[in-house]
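>>> need a structure here:
(one chain, ligands or ions: 1)
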Amino acid sequence: MSSGGEIEADFVVVGCGVAGLRVAIELGSAGARVLVLAKSSLTDSATEWAQGGIAAALSDDDEVSLHVEDTLRAGDGLCDPAAVHVLVEEGPKYILELIEWGTQFDRAGSKLAFTREAAHSRSRVLHAHGDSTGKEIARALLAKARTLSGILLRPHAVTTELLTAGGCVTGLRFLDENSKELMDVTARAVTLATGGLGQVYPETTNPAVATGDGMAIAYESGAVLSDLEFIQFHPTALAVKGAPRFLLSEALRGEGAVLRNADLERFMKKHSEAGELAPRDVVSRAIVAEMQRTRSDFVYLDLTHLKDEYVRKRFPGIFATCQSYGVDITSDLVPVRPAAHYVMGGVRTDLEGRTSLPGLYAAGETACTGVHGANRLASNSLLEGLVFGARAGQAIIKDCKFSSRKKPKWPASRAAVEKPGAKKSAAPANPPSAEAQQLQKVRAIVWKDAGIIRNGRDLKEGLDALAALEPAQSAEPSRSARELRHIWQLAQLIVRSALAREESRGGHYRGDFPFRDDEKFRKHSLVTRGATVTFR
Ligand code: SIN
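Sure, this is the predicted structure:
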């Protein structure tokens, strides 16, 4: 592998979703030279896939205190209240800023339109183009980033490791997938905003890029990770043979869709007073129970009683995608089952994105501020990326005592770096077959042993099975080899954390410890390289 040389930036941000872009905009606005790396194309992120929306107490009948209450309740006793207050109180300000930057949220007349999602006591979820909220937010953020001359966006750049000196992070190394060269970047701070780790599971609503890179890279360098046992399974992913587990937004249930089992009976009221709008973990477990009872691989989401025209207009993306898999959501019952959707844990940070390693920051799903506790309230994640991304940017400027460059420009123009004609495909890296087989084995273990319902015996078995699957260190760094390693590493951390937490809470359910145990476990799990899982 040839070395492509060195790049000097003021700051480097890994990830091009809502959190990464918001950090970069904060830094770029302060006159810094910011390198933003995306592993795939600039529009290949979980943000782009976010359908339902972004929650904020902005409607006439809503109050910040109610959004705080709902977030704390969803978090099942484990949210950091200070983080929740920051998210909910600062959220509206950053959403209004997004609107100023050109984000087109849907409106009812001249007023913003709000929808309802599970566990929200008010309709407070903003959406765009019906069900393409993340795409619209990413579009506006990318356009804003492009107005700042100091921001250089570099796609197809696979971060392979952090560079450190004397215990501080001083930059990173990445593989340029176009030239196949390794590049070293020196910077005063690195921010990891690579999204989540849904690809650790074989059934996930996440895009192929969601392989937990930021978490794994931080862990390898000695950073503290937290709460990795808390995985949120979305109850309604499309369950059609041969199709990916495409998300069927909770907003569908918010607008009246209902769940039916294989015998076509509604079942949610048996499991929760809140019916279809119960918290996601409750709905997911209810679906698993019904699937088991009726010996079926799926249940149905039923929208057939809603007006066709309304459904097509309100959910154009979902309608079109399902249709491409042969399902007409206005007239067919839609087969669905739960899939891994979001990780509440991640790289432990304070409320300004600082990790346990000087010079290293994290934001968005990659980070764990404690804001989601044991279970994230629907549509709080785009908001998290926005609020905590901006705060991380502000903290970096402050911590590094950065003073503005007069004309923050890069030697090469952005157009040259983004290279028209260079790799554009958003397709996942195509791993060689031995790697692909290993990946499949790792994923199958995590699904079976650390899925929706867990127990100590399976978790121990899973841990042993994973230990035997350590990927060989490849001589030539490649995206697929890195991703396999990251998935394997995070699989073990999820299983270890789930084994250590002998209770059930939020997204973590243990059949052998089915109750919440506040005395022992109203604490966050913490893990670092070479150490056992502890709670604090
Ligand atoms: C959804 O639209 O159901 C997903 C929104 C979220 O995960 O917050």
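
>>> list the buried ones in stretch 527-536?
Neighbour counts over stretch 527-536 (16 or more other CB atoms under 10 Å) mark Val527, Thr528, Val533 as buried. All C-beta atoms are positioned from the backbone trio N, CA, C, and that covers glycine.

>>> what about Ala286, distance to Leu383?
From Ala286 across to Leu383, the span is 27 Å (CB to CB, to the nearest Å).

>>> in strands, which of the buried residues of stretch 527-536 fall?
Among those, the ones falling in strands (DSSP state E) are Val527.

>>> who in the stretch 251-400 of the chain is up against the ligand?
Neighbours of the ligand within the stretch 251-400 of the chain, by CB under 6 Å from any ligand atom: Ala251, Tyr342, Ala378, Ser379, Ser381.

>>> which members of those are the farthest-apart pair?
Spatial extent of these (CB to CB) is set by the pair Ala251 and Tyr342 at 15.7 Å.

>>> hmm, back to that, can you list the residues of the stretch 251-400 of the chain next to the ligand in CSV and add secondary structure, pLDDT and neighbour count?
Below are those laid out as CSV (DSSP: H, G, I helix; E, B strand; the rest coil; pLDDT from 0 to 100; neighbours: other CB atoms under 10 Å):
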residue, secondary structure, pLDDT, neighbour count
Ala251, helix, 91, 25
Tyr342, strand, 98, 27
Ala378, coil, 93, 26
Ser379, coil, 96, 27
Ser381, helix, 97, 30
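
>>> and which of these is nearest Thr47?
Distance to Thr47, by CB to CB, is smallest for Ser381 among those, at 9.0 Å.

>>> touching stretch 395-404 from outside, list them.
10-11, 23, 26-27, 30-32, 188-189, 191, 352-354, 361 (CB atoms under 8 Å, 6 or more residues apart in numbering).

>>> now the terminal residues of it, how far apart.
15 Å (CA to CA, to the nearest Å).

>>> so where do the strands sit in the stretch 151-300 of the chain?
Here the stretch 151-300 of the chain has its strands, by DSSP state E, counting those that start in this stretch, at 151-154, 157-165, 168-176, 181-186, 189-192, 225-226, 231-238, 258-260, 299-302.

>>> can you tell me which of the contacts of stretch 395-404 are in helices?
Among the contacts of stretch 395-404, the members found in helices (DSSP state H) are Val23, Glu26, Leu27.

>>> quick one, grab the pLDDT at the first one.
pLDDT recorded at Val23 is 98.

>>> got the contact list for it?
Neighbours of Val23 in contact, by CB under 8 Å, 6+ apart: Val13, Thr191, Ala193, Gly353, Tyr361, Ala363, Gly389, Ala390, Ala392, Gly393, Ile396.

>>> turn those into CSV, including neighbour count and pLDDT.
Output for the contacts of Val23, formatted as CSV (neighbours: other CB atoms under 10 Å; pLDDT from 0 to 100):
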residue, neighbour count, pLDDT
Val13, 36, 98
Thr191, 33, 99
Ala193, 32, 98
Gly353, 30, 98
Tyr361, 31, 99
Ala363, 34, 98
Gly389, 31, 98
Ala390, 21, 98
Ala392, 32, 99
Gly393, 29, 98
Ile396, 29, 98
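
>>> what's the closest non-adjacent residue to Trp375?
Just to correct that, residue 375 is Asn rather than Trp. Setting aside the residues directly before and after it, Asn375 is nearest to Gly506 in space (CB to CB, 6 or more residues apart in numbering), at 3.4 Å.

>>> get me the contact residues on the protein for the ligand.
Gln51, Gly52, Ser249, Glu250, Ala251, Tyr342, Ala378, Ser379, Ser381.

>>> for the fifth one, which non-adjacent residue is closest in space?
Among residues not flanking Ala251 along the chain, Gly52 sits closest, at 4.5 Å (CB to CB, 6+ apart).
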